[in-house]
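Asks: Next comes the sequence, and after it the predicted model I'd like to discuss.
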Amino acid sequence: VGIITLTTDFGTQDWFVGAMKGVILDLAPQTQVIDITHEIPPGNIAAGAFALASAFNYFPRGTVHVAVVDPGVGSDRPALAVKSERFTFVGPDNGLLSWAMPQPHVKAVYSLDNPKYFLHRVSGTFHGRDVFAPIAAHLVRGVPLAKLGTRMDDFIRLPWPEPKRTGAGISGSVVYIDRFGNGITSIPGEMLRGGSEAWDVCLRGRRVCSVARYYQAVPAGHPVAVVGSTGYLEMAICGGNAAQRLRLNCGTKVQVRSCRRDDVPL
Amino acid sequence: VGIITLTTDFGTQDWFVGAMKGVILDLAPQTQVIDITHEIPPGNIAAGAFALASAFNYFPRGTVHVAVVDPGVGSDRPALAVKSERFTFVGPDNGLLSWAMPQPHVKAVYSLDNPKYFLHRVSGTFHGRDVFAPIAAHLVRGVPLAKLGTRMDDFIRLPWPEPKRTGAGISGSVVYIDRFGNGITSIPGEMLRGGSEAWDVCLRGRRVCSVARYYQAVPAGHPVAVVGSTGYLEMAICGGNAAQRLRLNCGTKVQVRSCRRDDVPL
Amino acid sequence: VGIITLTTDFGTQDWFVGAMKGVILDLAPQTQVIDITHEIPPGNIAAGAFALASAFNYFPRGTVHVAVVDPGVGSDRPALAVKSERFTFVGPDNGLLSWAMPQPHVKAVYSLDNPKYFLHRVSGTFHGRDVFAPIAAHLVRGVPLAKLGTRMDDFIRLPWPEPKRTGAGISGSVVYIDRFGNGITSIPGEMLRGGSEAWDVCLRGRRVCSVARYYQAVPAGHPVAVVGSTGYLEMAICGGNAAQRLRLNCGTKVQVRSCRRDDVPL
């Protein structure tokens, strides 16, 4: 009785996710299939990579994480399985798995090239159902990776916008917009926890707010930055939509600078 | 193998609900985690309270119901567990649990103040994952409430717009708009079942329709009121959206008056 | 420990689906309840029929498939159970089950007319919770169909727009628009696999694209037709929304004609 998670851009409007679950349960009854999300914007590999990286680690050891945001479905991009100490990840080789699985955590990478473990008929458009779902089911039943495919050296990685220390502070960028319109940045909270400092946040060269401990530290409608639940600094509007109000997109630059006030705890 | 339900405003676009389920399954494998809804409008405590109150009672004895609509997350509002004879409810102390748990049904109330049962690191913004999910998992595994927190006398209650009998009939108000645009009122069906009467429904002093037994009792596009599946009178447009067409909001007053026709069964 | 799937137009905004699952788990604990979709457009029986027909067959033998798109709820349309060799289907008698269960696959049809197996109080508006959920739970627990209802001869069928061979090729029509805006037609891929032919696709008398093997066989923004994951020909825009761009609706006629190029494999 294992656990398989699903992270896709298939939406929940049609039967796509249901069909994947049918395939899994047919091969591995009693598996718990847990949705991480199916509302990754269609084809947005970076958004899928960030969602997977934010959720996978809360699951029990042995969980198989399936991610399918796969604009190249049907072309010849490999299907991957990536093993870490605690988990196995399954998905297309397009960068989707790379933020969850940075190089040092990877124990092994396999190209899933053994059609014996796919559905009998593989469509050109729905490898989630025909390739990734059955592979995940076989993994949860204990089929060894070496039977499912061929060992590879590495896989495609998305670039991560590493934050940089600058003279006045730290420079990063927005990497994900969540459903509340909060803009999550690439600046980890740890970079802000140095001593008794306070921090201002700037967009396009203008100060927009300070870093606070929680959203409601400012009045409704005001901008605020907090170290969010992912551990990264995020831009928000208390009770509002920061992406719209502050015109945030993935890639928008964010500067944080110490304002050296005394005795203002983070 | 217990059951935990989730009622939140987290949406399904991001990984938030997936992460909560990971935390639960890590602590209590084999738990069935059932979504009631994650699409409560952000911060709308009354909508969450109504949804929870409409669904909880259909679950088996022993179910742990988790509800998180928590605009005050990170401030010092207590986290609650409320016990009834059949269920345990977990959520913030902001009224969210109060319509499901009217005073006479409450057996015990606890403030969840023992961080030993939270995730190791509690964020300032996501107590759903860091506090409520692990608490629910511990409950389903049988940890007694007395270990998780401190007994309290009572908790915050949302006012309920009690319907009133007036000379001409009954006066109530809309308490929930559902996805079809139906406006559910605070008038229970039982108040209408007196004898061989027929009922007219008025909005803003004008009659808009009669009470019927089902939506299609009127032609498509016509307004109708029915005693809906919650047991309360609801305003609908057959095949249409009553909230838009009749300009219904939560709080809109609804009057019902007997029209004393003979032999018109409800 | 059986499996029940749900296909409805109830949406996920309210508690409707949660309440159905509560009813099922109360009667049949440990059932796996799997969502196919709850976002069938309200009252769109054909869309529900197509979604169910596209997903049901991937589930294990013994699965109970519940479908509820039921604009006539509360009127006197019968509630059905339909048995095939591998599955039992439960839903209203309005055509919803008919594309999954063509006549030759049907082993038995029952009218669910024994209120002993409904919830104690049946509302006029929510038979998903009050009739279909408890019936499905009883079926998964092994209650024989003959106890739940009365044998019928047949049930209501939706017309299926059979594709026709014409002089120049094949004529069919759009039967489903998916969330990506792809227009799935009634033309099965098998009709196109005759010899070494290539195929042009026409809408409203004008050629719009060729049939290719996968979406990205054409540049982004260009129309393309592929035999999709349902096995039917579908119209797409690579990286775009074909329903909007090509003005596709359910019922839009699609013509395919051989262009007799040599050596162009499908």
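Replies: That came in fine, so what should we check first? Numbering: from 1, shown residues only, chains lettered A, B, ... in the order given.
Asks: Give me the contacts around whichever strand in chain A runs longest.
Replies: The longest strand of chain A (DSSP state E) is strand A:169-177. Applying CB atoms under 8 Å, 6 or more residues apart in numbering or on different chains, the contact partners of strand A:169-177 are A:46-47, A:50-51, A:160-161, A:163-164, A:183-187, A:191-192, A:199, A:232-233, A:235, A:243, A:248-258. Heads up, the C-betas are built off the backbone N, CA and C, glycines and all.
Asks: Partner strands of that strand and their direction?
Replies: If you go by DSSP bridges, strand A:169-177 pairs up with strand A:164-165 (antiparallel), strand A:183-188 (antiparallel), strand A:253-258 (antiparallel).
Asks: Put together CSV for those strands, with mean neighbour count and mean pLDDT on each row.
Replies: Formatted as CSV, these follow (neighbours: other CB atoms under 10 Å in any protein chain shown; pLDDT from 0 to 100):
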stretch, mean neighbour count, mean pLDDT
strand A:164-165, 10, 94
strand A:183-188, 24, 97
strand A:253-258, 19, 94
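Asks: Nearest to B:V143 among the ones you listed would be which one?
Replies: When the strands paired with strand A:169-177 are compared by CB to CB, strand A:183-188 sits nearest B:V143, at 33.1 Å.
Asks: quick check, the next helix or strand after that closest one touching chain B?
Replies: On the C-terminal side of strand A:183-188, the nearest following helix or strand under DSSP states H and E is strand A:199-203. No. Strand A:199-203 lies out of reach of chain B by CB under 8 Å from any CB of the partner chain, never closer than 15.0 Å.
Asks: how about the residues of chain A near chain B?
Replies: A:1, A:3, A:5, A:7, A:12, A:32, A:34-39, A:51-52, A:54-60, A:63, A:178-180, A:213-216, A:226-229, A:231, A:239.
Asks: what's the burial count for A:L6?
Replies: The number of residues packed near A:L6 is 24, by other CB atoms under 10 Å in any protein chain shown.
Asks: got the angle for the longest strand of chain A vs strand A:199-203?
Replies: 60 degrees (axes from the mean of the first three to the mean of the last three CA atoms, to 10 degrees).
Asks: contacts with chain C among the residues of chain A next to chain B, please.
Replies: Near chain C, taking CB under 8 Å from any CB as the test, the members of those found are A:T12.
Asks: Can I have the buried ones of the residues of chain A next to chain B as a ChimeraX selection?
Replies: The ChimeraX selection below is limited to those of these classed as buried (16 or more other CB atoms under 10 Å in any protein chain shown):
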select /A:3,5,7,12,32,34,35,36,37,38,39,51,52,54,55,56,58,59,60,63,178,179,180,214,215,216,226,227,228,229,239
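Asks: What about the residues of chain A next to chain B, which are in helices?
Replies: Mapping the residues of chain A next to chain B onto helices (DSSP state H) picks out A:51-52, A:54-55.
Asks: hang on, isn't A:A212 packed against A:H222?
Replies: No. Using CB atoms under 8 Å, A:A212 is not in contact with A:H222; the gap is 10.0 Å.
Asks: Neighbour count: those two, which is higher?
Replies: A:A212 (21 against 15).
Asks: distance of that one from A:N182?
Replies: Going from A:A212 to A:N182 by CB to CB, to the nearest Å gives 13 Å.
Asks: what does A:H65 give?
Replies: 24 Å.
Asks: Hmm, A:L203 and A:L246 touching each other?
Replies: Yes. Counting by CB under 8 Å, A:L246 touches A:L203, with 6.1 Å between them.
Asks: what touches both of those two?
Replies: Joint contacts of A:L246 and A:L203 (CB under 8 Å, 6+ apart) are A:M235.
Asks: Of the strands paired with strand A:169-177, which is nearest B:D76?
Replies: Comparison of the strands paired with strand A:169-177 against B:D76 by CB to CB identifies strand A:183-188 as nearest, at 25.4 Å.
Asks: partners of the helix or strand hosting A:A67, with directions?
Replies: Assigning secondary structure by DSSP H and E places A:A67 in strand A:64-68. In the sheet, strand A:64-68 lines up against strand A:3-8 (parallel), strand A:88-92 (parallel) (DSSP bridges).
Asks: Just the C-alpha atoms of the longest one, please, in CSV.
Replies: The C-alpha trace of strand A:3-8 is given here as CSV (Å, rounded to 0.1, in the frame of the first residue of the first chain):
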residue,chain,number,x,y,z
ILE,A,3,1.7,6.4,-2.1
ILE,A,4,1.8,8.0,-5.5
THR,A,5,1.5,11.8,-5.9
LEU,A,6,0.5,13.6,-9.1
THR,A,7,1.6,17.1,-10.3
THR,A,8,0.3,18.0,-13.8
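Asks: And the contacts of it?
Replies: Residues outside strand A:3-8 that contact it (CB under 8 Å, 6+ apart): A:16-17, A:20, A:24, A:31-38, A:40, A:48, A:51-52, A:55-56, A:59-60, A:62-69, A:128, A:136-137, A:140, B:15, B:18, B:22, B:25, B:29.
Asks: Which members of those are positioned in strands?
Replies: A:32-37, A:64-68.
Asks: before we move on, back to that, how far away from the center of its chain is the longest strand of chain A?
Replies: Computed by CA atoms, centre = their mean, to the nearest Å, the chain-centroid distance of strand A:169-177 equals 16 Å.
Asks: Next up, the contacts around the spatially closest residue to A:D9 that is not a sequence neighbour.
Replies: Leaving aside its sequence neighbours, A:D9 sits nearest to A:I40 (CB to CB, 6 or more residues apart in numbering or on different chains; 4.1 Å). Contact analysis of A:I40 by CB under 8 Å, 6+ apart lists A:7-9, A:47-48, A:51, A:69.
Asks: ok, those residues vs chain B, which is closest?
Replies: If you rank these by distance to chain B using CB to the nearest CB, A:A51 comes first, at 4.5 Å.
Asks: Might you report the residue contacts of the closest one?
Replies: A:7, A:36-37, A:40, A:176, B:14-15.
Asks: Can you show me the strands along the stretch 101-250 of chain A?
Replies: Ranges of strands in the stretch 101-250 of chain A, per DSSP state E, counting those that start in this stretch, are A:108-111, A:150-152, A:164-165, A:169-177, A:183-188, A:199-203, A:206-212, A:223-227, A:232-237.
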